[in-house]
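Undergrad: Sequence and predicted structure are below.
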Amino acid sequence: MVSKGHQLDHIAISVKSHMLLKQLLKVSPILEEIMSQAKNSTEALEGVRYWVLAELKKHEDAYRFYKGKVKGRDAYEKLSWRDFAAIRILDYIDNAGREFHDPNIGNEKAVTNPVKLIWLAVNYGTGGAKPYFFNDMLYLFRQFCGTYKREIPARERIEAWMDRWCTGLDPRIIKLREENRERIVNVLIEKIDSGEIKSKTYIFPPDLSDEQKYFLMLKWWDDYRFHLSFAVRSPDLLNELLDESLDPDSMKILYKAEKKGIPFFVNPYYLSLLHVRVPYFAIGADLAIRYYVLYSQQLIDEYGHIVAWEKEDLVEPGKPNAAGWLLPSNHNIHRRYPEVAILIPDTMGRACAGLCASCQRMFDFQRGNLNFNLDKLKPKDSWPDKLNRLLEYFEFDSQLRDILITGGDAFMCSNQSLKQILDAVYDMAARKKKANEKRPDGEKYAEILRVRLGTRIPVYLPQRINAEFVQVLKDFKHNASQLGVKKFIVQTHFESPMELTPEAREAVRLLNNAGWTVTNQLVLTSAASRRGHSAKLRQVLNEIGVLNYYTFSVKGYMENSFNFATNERSVQELTEEKRIGQIPPEYEEEIFEYANHAEDLVDNIRNLMRKLALPFLATDRNVLNLPGVGKSMTFRTIGITRYGRRILEFELDKTRAHSPAVHEMDKVIIIESKSIGEYLNQLEEMGEEISDYESIWGYSIGETEPRMSLFEYPEYDYKLTDEVTNLGEIE
């Protein structure tokens with residue numbers, strides 16, 4: 001039987017591929033000679049290897065990096081632009097012929113053998129490689145031959161890119177959103193009057209005038225429960241509230257999504273952030289928000305076949321998860337690392353105030369674990385008992401010192417539910433501390449040092465964060481501090497400077513004043529990855545007292561392809577843009593204390609930025625959340641498909657502790673869901689100048705940035721046990 005790879009050998013390449021191949025052969029007479037004189041693809045491989053290896057050996061540091069004899073950030077930073085290309089060519093050759101199961105295309109086999117594809121194209125006009133592949137090869141060999149160079153943009157240019165992006169605090173944007181609110185309110189009044197929308201809580205008293213109804217609706221607008229009650233759950237209402245501004249193609253996709261059972265849940269406040277009347281000064285500024293609300297064709301196509309990215313989410317009772325941890329529940333506790341585990345409550349916290357189109361948990365919506373039936377998510381009578389049993393997992397674990405309460409969204413819990421959870425966490429931390437009094441030094445367990453709440457509510461529905469709510473947080477912080485809990489953190493997800501509204505700023509102020517540090521985790525979607533966009537977001541978040549924590553590459557497979565920005569763009573962004581906010585190492589100790597004084601964050605951040613003349617504090621790390629093994633941006637590009645989609649081999653982030661079981665599988669293969677060429681075409685559709693991104697082709701190696709001391713755990717004043725509990729054997 002002929003393999004699929006051999007069948008593809010006979011497929012003719014397109015005219016465009018031929019034209020790019022012609023350009024490729026002009027790059028180097030040596031390459032053209034190797035390809036034309038090799039009798040077969042093996043000879044071509046060996047010819048290219050001999051040529052490139054001889055050049056790389058002239059640079060000892062680069063050769064040692066290629067061979068894996070030196071690793072880490074210091075070794076990485078010694079590599080030249082040409083070294084990147086030489087190492088990638090050799091990695092391609094070392095991995096030639098390898099086949100990978102590609103979850104992007106239903107686990108079909110993806111084969112990498114780029115030199116063979118070039119040889120077939122040169123000698124037979126076959127091989128089936130697409131133009132995106134040849135364009136990638138063209139840039140690769142130009143880079144190796146020295147005709148494609150990298151120019152790191154000056155700070156002035158980066159700040160010019162940043163200045164393109166408006167914020168939700170711009171008075172002109174505030175005015176537009178007031179218009180949006182007025183339109184949405186008037187439509188909802190009509191729906192309530194006609195009986196099309198009914199609510200037990202939000203009812204107009206009889207004989208109200210239209211004006212009185214309008215002012216009552218404005219009062220309700222400040223009540224978060226109003227926005228949850230009137231959240232959009234259908235494409236038609238979505239379009240109506242957007243003044244029928246969605247084009248027919250978008251509506252067709254949304255109707256398909258509805259038919260497939262993909263839920264809609266967009267609250268009126270967040271919907272008011274989308275442009276209907278597009279301002280000349282902010283064209284395209286709302287795309288990072290818009291693409292969180294509107295679904296893509298790729299998501300529609302994949303829904304029903306989505307494969308779980310988070311392998312540790314697939315837990316069988318009594319068996320360890322992908323990271324080797326034994327868990328008390330297959331959906332309430334998630335764990336990767338020794339020091340921290342996630343708690344997902346059986347409360348309204350399992351829902352969100354809106355559904356993100358690229359949600360990492362879309363797999364759970366597909367299988368019915370998550371939904372927006374808010375009434376059904378109210379905690380049952382048995383929940384308090386279950387909560388205490390779940391927290392025993394933290395209490396009797398030797399290494400857990402950090403609990404992340406999320407969902408869903410932790411802030412979707414009622415005040416009473418959140419207080420109940422935090423009180424239970426306090427009691428657990430107190431018992432763990434008490435039990436340690438009986439353990440000798442060297443056998444003591446890790447006590448709880450950090451409590452975190454995961455939420456997008458400050459962005460999606462800041463009205464939720466009111467005085468009564470933050471009092472619950474303030475009381476817990478006061479009491480838990482007495483036990484030795486050091487850090488109290490709210491982790492949120494601002495995607496765009498346009499999400500930074502007066503309401504969001506007030507929500508952050510209330511949280512900081514309650515003693516909770518707000519940190520941000522940006523998901524680097526295609527729209528959020530435009531030049532200067534992430535840098536501007538860091539800047540405006542710093543200005544309101546938010547510390548940037550992570551910049552995540554989009555995870556998931558083809559269902560998230562539309563919103564996926566390639567990992568190469570993430571490396572480009574941290575190398576070229578984020579660098580202008582780099583903090584000198586001697587200020588690490590000062591920054592470490594910031595989280596202990598949340599109420600002073602605005603002043604502390606502003607003063608440090610002024611002292612160092614920085615436009616923002618680059619406290620975040622650019623990473624990808626890898627299936628099973630955690631966060632990393634340490635990778636080599638070891639292959640490429642005939643479609644031009646790169647194949648990356650990731651390694652663990654060696655700067656932090658991992659489950660002992662994970663070290664047995666410390667390499668993870670990621671096949672990107674789109675080529676760099678496709679990604680750049682998408683940016684061009686968004687109005688970007690593609691020449692601004694040209695260096696992206698050359699980024700083929702990544703090395704994880706060190707984590708700021710700000711986010712490290714405080715030291716204990718006793719010797720911790722080396723014992724690791726709750727660890728099982730991975731089959």
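TA: Structure received.
Undergrad: ok, and what's touching the lengthiest helix in the chain?
TA: Using DSSP state H to assign secondary structure, the helix with the most residues in the chain is helix 171-194. If you take C-beta atoms under 8 Å, 6 or more residues apart in numbering as the criterion, helix 171-194 is touched by 166-168, 197-199, 202-204, 210, 213-214, 217-218, 221, 230, 240-241, 243, 268, 271-277, 279, 281-282, 498, 501-502. Quick note: C-beta positions are derived from backbone N, CA and C, even for glycine.
Undergrad: One more pass at 6 Å, please.
TA: Outside helix 171-194, the residues that touch it by C-beta atoms under 6 Å, 6 or more residues apart in numbering are 166, 197, 213, 217, 230, 240-241, 243, 268, 272.
Undergrad: One more: stretch 380-397?
TA: By C-beta under 6 Å, 6+ apart, the list of residues contacting stretch 380-397 from outside reads 328, 332, 346, 400, 403, 424, 428, 431-432, 725-726.
Undergrad: Among those residues, which one lies nearest to residue 515?
TA: Sorting those by distance to residue 515 puts residue 403 at the head of the list, at 17.0 Å, by C-beta to C-beta.
Undergrad: need the next SSE after the helix or strand containing the closest one, C-terminal direction.
TA: Assigning secondary structure by DSSP states H and E places residue 403 in strand 402-405. Scanning forward in sequence from strand 402-405, with DSSP H and E defining helices and strands, the next element found is helix 415-436.
Undergrad: chain center to the next helix or strand along the chain from that following helix: distance?
TA: Downstream of helix 415-436, the first helix or strand assigned by DSSP H and E is strand 450-454. How far strand 450-454 lies from its chain's middle: 18 Å, per C-alpha atoms, centre = their mean, to the nearest Å.
Undergrad: quick revisit: export the contacts of helix 171-194 to CSV and tack on secondary structure and pLDDT?
TA: What follows is the contacts of helix 171-194, written out as CSV (DSSP: H, G, I helix; E, B strand; the rest coil; pLDDT from 0 to 100):
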residue, secondary structure, pLDDT
166, coil, 96
197, coil, 93
213, helix, 97
217, helix, 97
230, coil, 96
240, helix, 97
241, helix, 97
243, coil, 96
268, helix, 97
272, coil, 98
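Undergrad: Only whichever of the residues you listed are buried, select them in PyMOL.
TA: With 16 or more other C-beta atoms under 10 Å as the burial test, the buried ones among those are selected in PyMOL as follows:
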select buried, resi 166+197+213+217+230+240+241+268+272
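Undergrad: between the contacts of helix 171-194, which is nearest residue 578?
TA: Taking those together and measuring to residue 578 by C-beta to C-beta, the closest member is residue 166, at 20.7 Å.
Undergrad: and the closest residue to the closest one other than its chain neighbours, how many neighbours?
TA: On the basis of C-beta to C-beta, 6 or more residues apart in numbering, the spatially nearest residue to residue 166 that is not a chain neighbour turns out to be residue 282, at 4.4 Å. A total of 18 residues lie near residue 282 under the criterion other C-beta atoms under 10 Å.
Undergrad: Could you measure from residue 282 over to residue 455?
TA: Residue 282 sits 27 Å away from residue 455, going by C-beta to C-beta, to the nearest Å.
Undergrad: So for the helix or strand hosting residue 55, mean pLDDT?
TA: Using DSSP H and E, residue 55 maps to helix 41-56. Over the span of helix 41-56, the pLDDT mean works out to 98.
Undergrad: what's it in contact with?
TA: With C-beta under 6 Å, 6+ apart as the test, helix 41-56 has contacts from 30, 34-35, 38, 62-63, 86, 89-90, 93, 96, 115-116, 119.
Undergrad: Tell me which residue lies farthest from the centre of the protein.
TA: Within the chain, residue 207 marks the point farthest from the mean C-alpha position, 49.9 Å out by C-alpha atoms, centre = their mean.
Undergrad: Torsion angles phi and psi at it?
TA: Here the main-chain torsion angles of residue 207 (degrees, to the nearest 10) amount to phi 70, psi 20.
Undergrad: Could you list the domains of this protein?
TA: Per the record, the chain has its domains at 4-149, 311-711, by automatic domain parsing.
Undergrad: Find out how far the first one is from the centre of the chain, if you would.
TA: Computed by C-alpha atoms, centre = their mean, the chain-centroid distance of domain 4-149 equals 30 Å.
Undergrad: Ok, the longest one next?
TA: Using C-alpha atoms, centre = their mean, the distance from the centre of domain 311-711 to the centre of the chain it belongs to is 8 Å.
Undergrad: what's the span of that domain, first residue to last?
TA: When the termini of domain 311-711 are compared using C-alpha to C-alpha, to the nearest Å, they are 25 Å apart.
Undergrad: got it, and stretch 308-326?
TA: One end of stretch 308-326 to the other measures 19 Å (C-alpha to C-alpha).
Undergrad: Only the buried residues of it, if you could.
TA: Neighbour counts using 16+ other C-beta under 10 Å place 308-313, 315, 320-326 of stretch 308-326 among the buried residues.
Undergrad: closest to residue 632 among these?
TA: Of all the buried residues of stretch 308-326, the one sitting nearest residue 632 is residue 323; the distance, using C-beta to C-beta, is 13.5 Å.
Undergrad: what number of residues lie near residue 249?
TA: In terms of burial, residue 249 registers 9 neighbours under the definition other C-beta under 10 Å.
Undergrad: Quickly note the distance from it to residue 294.
TA: As it turns out, when the distance is counted by C-beta to C-beta, residue 249 lies 11 Å from residue 294.
Undergrad: same deal with residue 193?
TA: Residue 193 sits 29 Å away from residue 294, going by C-beta to C-beta.
Undergrad: Kindly report the same for residue 110.
TA: For residue 110 relative to residue 294 (C-beta to C-beta), the value is 29 Å.
Undergrad: Could you do residue 637 as well?
TA: When C-beta to C-beta is applied, the distance between residue 637 and residue 294 equals 32 Å.
Undergrad: Dump the contacts of helix 171-194 into a markdown table; add distance to residue 703 as well.
TA: Listed next are these as a markdown table, based on distance: C-beta to C-beta, whole Å:
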| residue | distance to residue 703 |
| --- | --- |
| 166 | 34 |
| 197 | 53 |
| 213 | 59 |
| 217 | 53 |
| 230 | 47 |
| 240 | 49 |
| 241 | 46 |
| 243 | 48 |
| 268 | 44 |
| 272 | 42 |
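Undergrad: Now name the helix or strand holding the nearest residue to residue 728 once chain neighbours are set aside.
TA: Residue nearest to residue 728 in three dimensions, not counting chain neighbours: residue 320, with 3.3 Å by C-beta to C-beta, 6+ apart. With secondary structure defined by DSSP H and E, residue 320 is part of neither a helix nor a strand.
Undergrad: go on, residue 681?
TA: Secondary structure assignment for residue 681, by DSSP H and E: helix 676-685.
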